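**Q** Take this sequence and fold it.
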Amino acid sequence: MTSKRKNDDESGEPTAREKKKQKVAIARTISVQPAPSNAGESAVAGPSNVTPVNSLSGLPSAIDVEKFVEARAFEIDAMQKAIKTAGASSTQRAWQALPRHLRRRAASHDVRRVPSRLREKARAEMDPVRKKALGQSMPKLGRNNRLCRTDSFLRRQRDKSWLETHVWHAKRMKMENMWGYRLAVHPTEKAYRPSHRASIHGSIVHDASYLTLLEMKGTEDILSKVLQLCCDPQGPNPGSKRYLGGSRVLDIHVYEPAMYPFGHIGPTTIFWRPAVLPETRNDNSKMSYSQSSQAEKGKEKASPVSQINPTQERVVWLQFHPMIHDDMVAALKSAISTCLATLALPSANSVELADLRGQVNVFEIMGPKSCQVLKGALSPVSHEKRDDFLKFWLSLNDLTSSGSLPRGMIIGFKVNDPRLAFPPRNAKAKIKDQGPTITFPAATLAASEIWDEKIRTGLSKPKFKKKDIDERRSKNPVLGTPLNPLRQDDRVPVILIQRSLEQQNKESQSIHGWTLIVPSGWSMAFFNSLVFTGTRVGGQRERQTQAYEASTCYFPRDYPFTKAYQTYVLQRATEENDKWNRKPPAKRVNFEKLRTRSPWKPDWDVVLGVPKPKVGDFVSTQREGEDMIMEQEHPRVVLEPWLLRGPDIRNILTRLFGLFNQAGGLLSEINNLRVKRGLAPMNTHIEANKLLSGALVSIRISMCGRGLPEDSAMIYSMDDDESQKLNELLLKGKMVDQKVDDQDNDEEIPSPDSIIGYVTTGNYSLSRGEGFAIGALSLKALFELQVQVGRLHSNRNTSTSAPPQFLVKVRNRDSQQCRLAHVEVLEN
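**A** Numbers count the residues shown, from 1 in each chain. Alright, predicted model coming up:
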């Protein structure tokens, strides 16, 4: 029988596998220098006549290295050639030898994408460049018509703005246009789980320079009243002594002036300029920090806040999301006009409002190793002599997490140019028996020169470029050692702010870190140092995932009824609807068959009980008159929806649960909060029942068994019989039994009238190992769930048993199966 393979015959020609094996063997063979032979003599094999000698006797006491290398030159050269040929003959290509985070998609056809050590090998592996056919190539621009790199970048930023780290992110991350910027969404590599792991066990950095920063300048009493008009009454007072000294930041929500609880705008961070400034040391000044402290010794020092004059001019910064920039500016202008008109102050006591976008850069470093990352990447100036700062900087190395520090603590100081000590080295945490030394907030510790506009403007462009720093590094006597800062080098003022994502319940995973604020023009200098410490880089997806894992609401997707939420939902609905329409009918979800009322965005009208109009959208214009008559006879219920949120929401709901007239109690609670901030009670035309019917509360949803809640999933209520039956199954430990799921499969899809809420953020929680979601529930439905729990557990012993949880059903919009879940009120 004839062989089917080409080389199976008796021709003796080696196969391709044997050729490859022979090639690798030859490449790995180390050549040996032949032994010298005398002319005219032939070597004859036979026994050796050499008498054995002791090899250790007669050795020289020293070796001449140069002669030794010359004698072994052939062996050394053979070894180097063998290493080179063995590496070249391997089946692994150049780009495959790189770690995953250094691989580039264009590495196969662009040698410059490969590191220099592998560039020659990659060039040899590439196919010869094929010349384009004549006439198909685009004509090149003339020398006079060519644009430089800076002009071409500016030309691409006509309808959007780039961050200073844009080029770095564009090479490694998925970019999209967001809020007037070109921002990174997520890394191109598979980094969802590694990014979560870094935020829990390591460190991850995010460039948040797109956040809007506003500066208000005026007298202290006016600024305090302006902020009181706009801030959430449930939160702390922005003008309290705790925050007035400038040692802490205040995270609070802002509303339209005197409109609480309506007119919700969004969250913001407020921090005052420290009232006590450190003495700046100029070149002509000879007084140091230690000398100034000795001069003040013996004098009685008052607290920083007590020295503040209420009529003294102060400065306060507000940092918030770029989507609410216009609303924030309008609200602050209205509040300023109201305060000046109420106090009847002269025009000299005006308030200045300045936009500081583009003047500072912000980095968020999260994770337990963020303290060691900052300690290794930043190098404070040598003349920093403040005792409280030195105490903090020494203790930073011993902190296992910034969560052990006071919340919102501010630290201001100066650092040397981070490029001088590049690449940085992470500090190693030293765990002590007595624990790290804790530094408490102080106005002197928070003072920084970055508040001064002249200093920020002078530092907007570094004195030395990167090539100048590299040239100095090349002249360093010992290569690889940090450069010593010179007198003409820049000293950059920075601000460190403690940042935490946490909830009061123990089930949530708290994430702690830092916010680093640096002047504009220094983004890449600090960013490179932070990245080279081994810190991962995250985009918008990673930042949202951190808030989701910590059970905290993320703006704007978890804040219904805000203008930013409406914009976000409409944009997402348009994208998903277009994607759905591009699919053929047989390959897309039939939402009509699944009885999904609103597949693209949450329908809050059905949650709040607003009846759906009977007349559809596709009605002839001839019936407009009849519709108007019907609407006059049966007017539609008009509700003003709002979100009940705040740090004191649990106490408010606890007081309302025990009242018979819960609507009146809710109106009384809102009026008490308004009076607390000096606002008048709500108008009499607002009915208590409508106020209750239009309220939503944020909730956290924990699945009882299987199930993965997704965005826009519907939350259903159950009657007493069904709830009692499922509760008994859960108490018996059958929450993962197949019978429960079979029952859900057999029953019909619940009616849309039983929808009491929607999921705003849902996914698989990596920290919990199960499905988890954050959503919003009708306050009226929450009270009904409380009454239902009281009816079903009337015989429960309140002293020994735990309080029962609210049981609901959750159904994804593209599924017909309902899953059981517990809901709990979320403090946001």
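
**Q** Report the beta-bridge partner residues of Arg491.
**A** Beta-bridge pairing of Arg491 under DSSP bridges involves Asn416.

**Q** Go ahead and confirm it touches Leu420.
**A** No. With contact defined as C-beta atoms under 8 Å, Arg491 does not reach Leu420; the gap is 11.2 Å. Any C-beta I mention is one placed from the backbone N, CA and C, and that applies to glycine too.

**Q** All the helices of the stretch 351-500 of the chain, residue numbers only.
**A** For the stretch 351-500 of the chain, helices defined by DSSP state H, counting those that start in this stretch occupy the ranges 370-377, 387-396, 443-446, 453-458, 466-474.

**Q** Pull the residues that contact stretch 24-34.
**A** Here stretch 24-34 makes contact (C-beta atoms under 8 Å, 6 or more residues apart in numbering) with Phe74, Glu75, Ala78, Met79, Lys81, Ala82, Thr85, Ala86, Ala88, Ser89.

**Q** And for stretch 411-419?
**A** For stretch 411-419, with C-beta under 8 Å, 6+ apart as the criterion, the contacting residues are 274, 377-381, 384, 389, 392-393, 424, 445-450, 462, 464, 466, 469, 485, 489-497, 525-526, 528-529.

**Q** Quick one: buried ones out of the residues you listed?
**A** Buried subset of those (neighbour count, 16 or more other C-beta atoms under 10 Å): 274, 377-379, 384, 389, 392-393, 424, 445-450, 462, 464, 469, 485, 489-497, 525-526, 528-529.

**Q** show me the contacts for Ala421.
**A** Counting by C-beta under 8 Å, 6+ apart, Ala421 has contacts Ser379, Pro482, Leu483, Ser529.

**Q** Can you add distance to Gly180 and pLDDT and give those residues back as a markdown table?
**A** Listed next are those as a markdown table, based on distance: C-beta to C-beta, whole Å; pLDDT from 0 to 100:
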| residue | distance to Gly180 | pLDDT |
| --- | --- | --- |
| Ser379 | 35 | 93 |
| Pro482 | 39 | 88 |
| Leu483 | 38 | 90 |
| Ser529 | 28 | 94 |
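
**Q** Looking at these, spot the one nearest Phe363.
**A** Closest approach between these and Phe363, by C-beta to C-beta: Ser529, at 10.6 Å.

**Q** picking that back up, would you convert the helices of the stretch 351-500 of the chain into JSON lines that also reports mean pLDDT and distance to Pro261?
**A** Below are the helices of the stretch 351-500 of the chain laid out as JSON lines (pLDDT from 0 to 100; distance: least, C-beta to C-beta, whole Å):
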{"stretch": "helix 370-377", "mean pLDDT": "92", "distance to Pro261": "36"}
{"stretch": "helix 387-396", "mean pLDDT": "90", "distance to Pro261": "39"}
{"stretch": "helix 443-446", "mean pLDDT": "92", "distance to Pro261": "33"}
{"stretch": "helix 453-458", "mean pLDDT": "92", "distance to Pro261": "37"}
{"stretch": "helix 466-474", "mean pLDDT": "91", "distance to Pro261": "52"}
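
**Q** Which one, of the ones you listed, ends up nearest to Val789?
**A** Ranking these by distance to Val789, with C-beta to C-beta as the measure, places helix 370-377 first at 41.9 Å.

**Q** residues making contact with that closest one?
**A** Contacts of helix 370-377 with the rest of the structure, by C-beta under 8 Å, 6+ apart, involve 203, 205, 365, 393, 396-397, 399-402, 418, 424-429, 496, 512-514, 516, 526, 529-530, 533, 535.

**Q** In ChimeraX, how would I select the buried members of those?
**A** Of the contacts of helix 370-377, the buried ones can be selected in ChimeraX as follows, counting by 16+ other C-beta under 10 Å:
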select :203,205,365,393,396,399,400,401,402,418,424,426,427,429,496,512,513,514,516,526,529,530,533,535
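
**Q** about what we covered before: min pLDDT across the contacts of stretch 24-34, which one?
**A** Among the contacts of stretch 24-34, Ala88 has the lowest pLDDT, at 64.

**Q** Distance of Ala124 relative to Leu118?
**A** Here Ala124 is placed at a distance of 11 Å from Leu118 (C-beta to C-beta, to the nearest Å).

**Q** Over to Gln498?
**A** For Gln498, the distance to Leu118 - C-beta to C-beta - is 42 Å.
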